[in-house]
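Enquirer: Could you work out the structure for the sequence below:
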Amino acid sequence: MTVVDSVLSRVPEPLRRLLIKHRELLKFAIVGGTTFVIDNGIWYLLKLTVLEEKPVTAKIIAIIVATIVSYVLNREWSFRTRGGRERAHEAALFFLISGVGVALNSAPLWASRYVLELEEPHVSRLVQEIADFASGSIIGMLLAMFFRFWAFKRWVFPDELGHTRRGGPPSDDPVEELGHS
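Expert: Have a look, this model is predicted:
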């Protein structure tokens, strides 16, 4: 039994049906949660050490690492029945769209730091860190997430190309399909 099957077996039936119906979004959210931890872990490691004076640069580096992980997980799990393009073409589209996502994710942090001046010495270290987290890890991440989900489904892993990459249509059993890892 996969992790997803195990979790779904504990979810009440009406919610389970909803999750199964939106299985790509659920998988995308799980991948997003994983890359959120990677992104923030790297970001704080960098911005509290070697890139202390360059928090936006630290955020961009962290997003790039998380994006590479995201490509592998989304390609092999979230959108595994979609796509069908040549891998180089698919990867180029993924990283192009992710580049727009990096800009969307970084813009609120940049505005917080350099337009609103929510940084030391204008504000306390605590206010700076709260503003950084809210703008860089919440607002920016949400903007980028909605854009990426829409763009990945539309251009990187379009349904009309689906089923060619894996050699056949997805399972008729939505629970089985959701559980594939």
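Enquirer: From now on I want contacts and neighbour counts done on CA atoms only, so please keep to that.
Expert: OK.
Enquirer: So residue 139 sits against residue 108, correct?
Expert: Yes: at 6.8 Å, residue 139 counts as touching residue 108 under the criterion of CA atoms under 8 Å.
Enquirer: the more surrounded of these two?
Expert: Using other CA atoms under 10 Å as the criterion, residue 139 and residue 108 rank with residue 108 on top: 23 against 18.
Enquirer: buried stuff in whichever strand or helix holds the more buried one?
Expert: Assigned by DSSP states H and E, residue 108 belongs to helix 87-110. Buried residues in helix 87-110, counted by 16 or more other CA atoms under 10 Å: 90-91, 93-95, 97-99, 101-102, 104-110.
Enquirer: For it, which helices and strands make contact with it?
Expert: In terms of contacts (3 or more CA pairs under 8 Å, 6 or more residues apart in numbering; DSSP states H and E), helix 87-110 is packed against helix 55-73, helix 140-151.
Enquirer: what's the most buried one of these?
Expert: helix 55-73 (a mean of 19; mean count of other CA atoms under 10 Å).
Enquirer: starting at the chain centroid, how far to that one?
Expert: Chain-centre distance of helix 55-73: 10 Å, with CA atoms, centre = their mean, to the nearest Å.
Enquirer: now the angle between helix 87-110 and that helix, please.
Expert: Angle, helix 55-73 to helix 87-110, by axes from the mean of the first three to the mean of the last three CA atoms, to 10 degrees: 150 degrees.
Enquirer: Which residues outside helix 55-73 are in contact with it?
Expert: 31-32, 35-36, 38-40, 42-44, 46-47, 51, 91, 94-95, 98, 102, 106, 109-110, 136 (CA atoms under 8 Å, 6 or more residues apart in numbering).
Enquirer: mind running it again at 7 Å?
Expert: By CA atoms under 7 Å, 6 or more residues apart in numbering, the residues outside helix 55-73 that reach it are 31, 35, 38-39, 42-43, 46-47, 51, 98, 102, 106, 109-110.
Enquirer: for the record, mean pLDDT for that helix?
Expert: Helix 55-73 carries an average pLDDT of 89.
Enquirer: can you check stretch 125-133 too?
Expert: Taken as a whole, stretch 125-133 carries a mean pLDDT of 92.
Enquirer: Start the count at 829 instead of 1 going forward.
Expert: Got it, first residue is 829 now, which makes that one stretch 953-961.
Enquirer: Now do it: everything it contacts.
Expert: In contact with stretch 953-961 (CA under 7 Å, 6+ apart) are residues 937, 940, 946, 947, 948.
Enquirer: Let's check: the centremost residue of this structure is which one?
Expert: residue 860 (3.6 Å; CA atoms, centre = their mean).
Enquirer: Give the phi and psi angles for the residue lying farthest from the centre of the chain, as a check.
Expert: Residue farthest from the centre of the chain, counting by CA atoms, centre = their mean, is residue 949 at 32.7 Å. The phi/psi pair for residue 949 (degrees, to the nearest 10) reads phi -90, psi 0.
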